[in-house]
Each structure stands twice: as C-alpha cells, then as structure tokens.
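>>> How does the following fold in three dimensions:
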Amino acid sequence: MERYHLAKDRISEICIEKTAQPDFEDFFKKTAAFLTKTAAILEREKEELTEEELAQENRELYEELFPENYGICYGNPSYAAVKLGEYGKAFCFLYAELRGTIAYAYEKKWWDYTIAAELFLEIYAAFEDSELPAVKTVEDILRSYVNDYCQDLMEQRIAEAVDPQLDFAVRIIMDSDLSDLKYLYAYGEYVSANERGVAEFLNSLSQEQIDSMAETYTEGYRIGFINGRKDITRKKTVNIRYNLGFERMVRSAILKFRAMGLEPVIYRHATHVVNKRGNARIGFTGGVANPQYEYDHRQDQALFLDSDFVQRKLRSMQNAYENYKELAAVHGGPACIETFGEEPFAPETKAEAWTLSETQQKQQVELDNESGQIVNRYIKGDERSFTIIAYPIPEIGEKFPEIFAEIVKINTLDYKLYERIQQTIIETLDTCQWVEVKGRGDNETDLIIHLHDLEDVKKQTNFENCVADVNIPVGEVFTSPVLAGTGGILHVKKVYLNGLQFRDLKLVFDCGQVIDYTCSNFETEEENRAYIEDNILFHHAKIPMGEFAIGTNTTAYVAAEKYGIADKLPILIAEKMGPHFAVGDTCYSWAEDTPVFNPDGREIIARDNEISALRKEDISMAYYGCHTDITIPYEELGNISVIDEEGESTPIIENGCFVLPGTEELNKPFEE
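Just a heads-up that it's a prediction; the model follows:
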C-alpha cells in the first residue's frame, strides 16, 4: 500500500508538471490522467452513483478506443508511430498494458494496479532527462516488467481458474438486483448497447424460460461427462465463461451446477500481456470497444518473446499448478456461453504493430505445446469435459427477439430424432474407407477423405454421433481422418473464423496436411498468406486436417437464410450447417486413449491420426494447440458420397440436399 500511494501521488504530479520531453508530454499527461481516474475507482468504497453516472464513467474509460476516436489514440500503432517515431511501438505496448488498470480498479487488485503504475513511472523517469533514452532502453524496461512479474502473474491466473473462493464475478451475479442494470457497471468491462440489450431482454423473460435455457446448458455439461464415460462426481468446480448481460441465465446455471456438486470459478479475460493469447477473450467479458484495437495488439508478445521467456513462463506455470494441484485435480472444465451477431469485422494489418518474427513464431508454438502438456498433467484431458452454447445479441438486427427465440428452438431440437437420422448416415459411412466431397457452382472444393479401417463394424465406428451435450446445438457426425490419402482443395467463398472474415479461402491438402493456402482479403498475396498463417495455421509450417464432419442441422441453416444472419453465426452453429473440416488437433486431443462410444454402443476408434499418435514417442510433436472449423454451406455444396473398393459411390448429399434413404426428414426445413 505504501508503494501504491507513492505511485499515485507521483502520477497526480505528472498531470500538471512539464518536466518530460516535449514530444512525449501529451502521452504522459493523458496517461497520468487516465491512471488518476482508475485510481479513484480503485479507492471508491461504496457504489453510490446513479445508473446514468455509471454509464457516463464507463463511456469515458473506453471512448478513446471507439472507431471514431481511434485515429488519434496512442493504442493505435499507426498513430503512435506518427506521434512518437521510433518509440511508437514501445509506447503503444505500454498503453495496452496500462488499460488493464480498469479491471484492477473494479476488482480491488491493489498489487496489479501498483506494478502497472510503477511501470508507467519508470518509463516517465527515463524521459525527464534532457537527453532521450535509447529505444532499446525503453523496451528493456518493458521486458524487465514482464520477466520480473511472470511468476506472480501466472500464479494469479491459474488460481483464478481453479479456486472458487476468488469469487468477484460470482458475487455480482448472485448478490445483485439483476432487474437494476446498474450491476453491469460493477465489472469494469465496456458496457455497450449489446450488453444492456441482452440484460433487458432476459429481464423480459419468465423465470421458467430462464431456467429452461440454463437447463439446456448445464445438462449439456453433465451429459458430456456421461457420454464420455467420465465421473463427474469426482469434480468440484466448473469454469463458467459468458458475456455480460447473461447474468440471469448464469445465476440459474450456478444453482443447477451446485445441485450437481460443482462450484463456479469465473475469471475475467486476460488483462496482463503475460497471460493474453492473441486477441482471444477467454473468460467473462463485456463489449469490445474496437475490434481493430484488439487485432492491433494480438502479437504484443513480440516485444519480449524469446527462448528465455518461454522457459521462464513454463517454469512459472509448472510451479503455479503444483501449488494448486489439489484444486486443479477436481476441476471439471469450461461451460461457455458464446454470443454472436456483431457486425462482421475485416481487420486492417498495420506495419507499425508488433509482429512475431519467424523465430518467435516457432517459440510461440513451443510455448503453446508445452503449456498444453502442463495443463493436461494437472487437469487431465481424459477426466474433464466442457459444453458450449451460443445466443445472439441485439446488434444482429431489428428482429433480435425473434432470432433469439429461433436460436432457443435450435438449441433444444429433438436430439433423439437427430440421433436416429445421424445413425443412418454413420452406418453408410462405415461401409467404406473413402469419402468424396465436392463443391458446386464456383466453389472449387474437391476433397477425398481417408477413413480408418474398421476391424469389427458391429463393435466399431469411425464417426461420433453428436447430439446436444458438449457441443450445442445438435447436428453433426464427425471423425478424425487418416492423413495418408486425404487430400485436395477446400474452398469457401466467405467464412468467419474466430471473429475474422475470410473471403475466397482456399486450403490445399496433401497427405492430410495443409501445403498451400490463399484468400482474397488483401491486395497482395503476401498479405493474404500472412493473414492465414496468423489466424488459421497459427504459425505452424504444416497443419493437419484434425476433423471431417457432416452437419445435419438444416433447421439452423434455414433460420440463418430467413433472417439473413449466416455471416454472423458462430462456428458452433455454422459447423452444423454443412460439411466442415477442422485444421489442427483432433476432437479427442489429450484424451485419445479414453474409449468413446456412440449411443448404439459402438466404440469410436477414429480418435487418433498419424500426428497425434506421435504422443507415444514425443508428445511435443503431437499437438498444435488449435482446432479451427471451416464449413462449406449447403448452397455451395455439390455432393458428399462414400466410395467403395470398386469405386462405386453412394451419395449422402447431392446439390445441398440429403438423398440417403432415412435422412429425408432433414430436408423438411428446406421445403418449409
């Protein structure tokens, strides 16, 4: 606390003094004013502001990131470079790190706030002299900050992931009057019209409707353990991830999870650069003030990522998990509520932003691989499960209430009906070792998929019959292909992956691995390839086809067409609306040796491929730490056929419609 008060007092002086180098004075004064504002929130003991005052405060904290203001924001790498020259990248990094003080202020994290404030002061002190410090000196200060606090930050993050006593969000959800939207501002997250709109809409629903939504979500989680033949009674915690506005549903879910013997652990998406993973938001989150800002800072780790940091972070992670191994052992895995409906985002790639070098890309892959192994040692893949469900937000359009109701319907489709139909598809797929997938019109997809050999078709199958458990809604059969023999071109005219738009995406496979790729997002081929390398390949030199699936949820497809929202659906729903192919790990990564069975009792034997099987020799070669689903929509699909040993084909889908006897029911939504 002494350090905090010293830092706070010094920052308040910076707001009015003129001792910094003139070219940097604007940055320091604006940042000092921002830190003074977040310090006032940190010190505020009781919340006595009106809803209007809280909304105004929230806007003031985030408005400089808004697209209309971003052109003159130091968080914008291009603007920082213009204003600060060669120091721009370092100051842009610093800007992003200091934005975390908003979260620390609301969560009363005095230590986190203090180290961020001290970092700012150390940089400021370097610019008080008449002579400018070297750029390297500034960057070294930032590197020292990351390295010095790596262990503490990892320890804190892992504790938040497994310790139910760290209950900041749980208290907001369970103790607030959720009919009074003031509670939304208690997190410190950006509250946009979407978060308010969802909360207002859920407040218009009956408790019975809310409980039904929560039941679908929590039962999916429970059934996931049952179908995976895993013992949920050995677990004591579940990690709930959600977007602000869903608190009524989450409150109901917490009560249902507690009835199962599971306490919630809920943590915020990462704010320290040590814990961030690109621009992904893993944890609870509010609105995104500007997706371009998030994209611009997705590789800020390029400032400090080297082999020493990789080893430091891995040691820190190992030590932290060892300290929390009892809590980790009883953690059941995540239960995620995703949202969709935002205006599609096509990012701009900025030369001034931090970018991983080729060496750093390999180091990031090493870090991800080793991190995955550590997590799996303490939260074992063959003992944990998950569930994911998704709902729209008001930004999806004027028909938000109708779309929301449609999604609730899709999330609660008759899984027994789908189970029977999908079993028919699986029985046909299991008669052969080859599947052909072709596009139609100007879709150039032409793929051959090699399936595993079944020794006993009465006891074994290649495809999992996916009903509404871990992956809500229902609607797919999937497998891990044999890589040898799998090849061809995958083409999608437009698809959204991890919130990013890809136009004319083409991936070329040989021996089951991506060997070439392109898209048409940017003017130059170099930019297009870099975009794919960043956001699909994740800097792996090669990446395999980890999954082939046939989506069967024609109801979702028709709803998407009816409301014109196909470009806004999350992959969770979109993957059920046609065949999809995942690049990266298989669906069974880290749990390949755990038997998995379909409802008919047959074991799914296609849990491995030639790469994941390498775990038995060298685990660092077996996993990629990513799994990206790419769907061909029905309207771009020519056919899916099984090919027997004589080369004869049996069609499952032709011209986007199901033609296999026993699957006619799936075409009814098209007809209607």
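>>> Could you measure from the nearest residue to residue 1 once chain neighbours are set aside over to residue 165?
Spatial nearest neighbour of residue 1, chain neighbours left out: residue 110 (6.7 Å); criterion: Cβ to Cβ, 6 or more residues apart in numbering. The way it works is simple: take the backbone N, C-alpha and C, and place the C-beta from them, glycine included. Per Cβ to Cβ, to the nearest Å, residue 110 is found 18 Å from residue 165.
>>> picking up where we left off before, wait, the residue nearest to residue 1 sits on residue 4?
Yes - applying Cβ atoms under 8 Å, one finds residue 110 in contact with residue 4, separated by 5.6 Å.
>>> where along the stretch 151-300 of the chain do the strands fall?
Ranges of strands within the stretch 151-300 of the chain are 237-241, 263-265, based on DSSP state E, counting those that start in this stretch.
>>> Same question for the stretch 301-450 of the chain.
Along the stretch 301-450 of the chain, counting by DSSP E, counting those that start in this stretch, strands occupy 331-340, 387-392, 434-439, 446-450.
>>> Direction included, what does the shortest one pair up with?
When you say that, I think you mean strand 446-450. Sheet pairing here is set by DSSP bridges, and for strand 446-450 it gives strand 434-439 (antiparallel), strand 482-497 (antiparallel).
>>> Now mean pLDDT, mean neighbour count and distance to residue 417 too, for the ones you listed, in TSV please.
Compiled in TSV, the strands paired with strand 446-450 are given as follows (pLDDT from 0 to 100; neighbours: other Cβ atoms under 10 Å; distance: least, Cβ to Cβ, whole Å):
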stretch	mean pLDDT	mean neighbour count	distance to residue 417
strand 434-439	98	20	24
strand 482-497	95	19	28
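>>> and of those strands, who's closest to residue 127?
Across the strands paired with strand 446-450, residue 127 has its closest neighbour in strand 482-497 (41.4 Å, Cβ to Cβ).
>>> what angle do that closest one and strand 331-340 make?
If you take axes from the mean of the first three to the mean of the last three Cα atoms, to 10 degrees, strand 482-497 sits at 50 degrees to strand 331-340.
>>> and the residue lying closest to residue 319 once chain neighbours are set aside, how many neighbours does it have?
Ranked by Cβ to Cβ, 6+ apart and with sequence neighbours excluded, the top spatial neighbour of residue 319 is residue 151, at 6.8 Å. Residue 151: 17 surrounding residues under other Cβ atoms under 10 Å.
>>> cool, and residue 441?
The number of residues packed near residue 441 is 11, by other Cβ under 10 Å.
>>> Pop out the phi and psi values for the nearest residue to it once chain neighbours are set aside.
Distances taken as Cβ to Cβ, 6+ apart put residue 636 closest to residue 441, at 6.8 Å, once the chain neighbours are dropped. Dihedral pair for residue 636: phi -100, psi 0, per degrees, to the nearest 10.
>>> who touches residue 636 in this structure?
Contacts for residue 636 (Cβ atoms under 8 Å, 6 or more residues apart in numbering) come out as 439-441, 443, 445, 492-493, 578, 656.
>>> ok, these vs residue 123, which is closest?
The closest of those, once distances to residue 123 are taken by Cβ to Cβ, is residue 492, at 45.0 Å.
>>> From residue 558, how far off is the closest one?
Taken as Cβ to Cβ, the spacing of residue 492 relative to residue 558 amounts to 19 Å.
>>> And for residue 335?
Counting by Cβ to Cβ, the gap from residue 335 to residue 558 is 28 Å.
>>> just residue 624 next, same as before
Here residue 624 is placed at a distance of 34 Å from residue 558 (Cβ to Cβ).
>>> With neighbour numbers in mind, choose between the two.
Between residue 624 and residue 558, counted using other Cβ under 10 Å, the more crowded position is residue 624 (24 against 18).
>>> where's that one, which helix or strand?
Using DSSP states H and E, residue 624 sits within no helix or strand.
>>> got a list of what it touches?
Each residue near residue 624 by Cβ under 8 Å, 6+ apart is listed here: 365, 368-369, 538, 540, 543-544, 546, 584-585.
>>> can you check residue 337 too?
Taking Cβ under 8 Å, 6+ apart as the criterion, residue 337 is in contact with 217, 240-243, 246, 249-250, 389-391.
>>> Adding neighbour count and distance to residue 58, write these out as CSV.
CSV is the format used below for these (neighbours: other Cβ atoms under 10 Å; distance: Cβ to Cβ, whole Å):
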residue, neighbour count, distance to residue 58
217, 27, 28
240, 27, 23
241, 20, 22
242, 24, 19
243, 20, 15
246, 25, 18
249, 25, 22
250, 30, 20
389, 26, 27
390, 21, 25
391, 26, 23
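>>> ok, these vs residue 605, which is closest?
Residue 605 has its nearest neighbour among the contacts of residue 337 in residue 389, at 28.8 Å by Cβ to Cβ.
>>> neighbours around the closest residue to that closest one other than its chain neighbours, how many?
Take residue 389 and drop its neighbours on the chain: the residue closest to it by Cβ to Cβ, 6+ apart is residue 472, 4.4 Å away. Using other Cβ under 10 Å, residue 472 has 27 other residues around it.
>>> Check residue 177 too.
Residues lying near residue 177 (other Cβ under 10 Å) number 8.
>>> Number the chain from 48, please
Fine by me, first position is 48 from now on; the one you just mentioned is residue 224.
>>> residues touching the closest residue to it other than its chain neighbours, list them.
Closest residue to residue 224 apart from its sequence neighbours, by Cβ to Cβ, 6+ apart: residue 230 at 7.0 Å. For residue 230, the contacting residues are 219, 223-224, 294, by Cβ under 8 Å, 6+ apart.
>>> Which of those residues sits closest to residue 250?
Nearest to residue 250 among the contacts of residue 230, counting by Cβ to Cβ, is residue 294 at 9.8 Å.
>>> Residue 610 versus that closest one, what's the distance?
Separation of residue 294 from residue 610 (Cβ to Cβ) stands at 26 Å.
>>> which of these two has more neighbours?
Neighbour count, other Cβ under 10 Å: between residue 294 and residue 610, residue 294 has more, with 24 against 17.
>>> my read: the more buried one touches residue 225, true?
Yes - counting by Cβ under 8 Å, residue 294 does reach residue 225; the two are 5.4 Å apart.
>>> Between those two, which contacts overlap?
Common neighbours of residue 294 and residue 225 (Cβ under 8 Å, 6+ apart) are residue 246.
>>> List the buried residues in stretch 66-83.
Applying a neighbour-count criterion of 16 or more other Cβ atoms under 10 Å, one finds 67-68, 71, 74-76, 78-79, 81-82 buried in stretch 66-83.
>>> Need those in JSON lines (columns: distance to residue 367, secondary structure and pLDDT).
Converted to JSON lines, the buried residues of stretch 66-83 look like this (distance: Cβ to Cβ, whole Å; DSSP: H, G, I helix; E, B strand; the rest coil; pLDDT from 0 to 100):
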{"residue": "67", "distance to residue 367": "37", "secondary structure": "coil", "pLDDT": "80"}
{"residue": "68", "distance to residue 367": "40", "secondary structure": "coil", "pLDDT": "85"}
{"residue": "71", "distance to residue 367": "36", "secondary structure": "helix", "pLDDT": "95"}
{"residue": "74", "distance to residue 367": "34", "secondary structure": "helix", "pLDDT": "97"}
{"residue": "75", "distance to residue 367": "34", "secondary structure": "helix", "pLDDT": "96"}
{"residue": "76", "distance to residue 367": "38", "secondary structure": "helix", "pLDDT": "96"}
{"residue": "78", "distance to residue 367": "30", "secondary structure": "helix", "pLDDT": "97"}
{"residue": "79", "distance to residue 367": "33", "secondary structure": "helix", "pLDDT": "97"}
{"residue": "81", "distance to residue 367": "30", "secondary structure": "helix", "pLDDT": "98"}
{"residue": "82", "distance to residue 367": "28", "secondary structure": "helix", "pLDDT": "98"}
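>>> Good, we can wrap up now.
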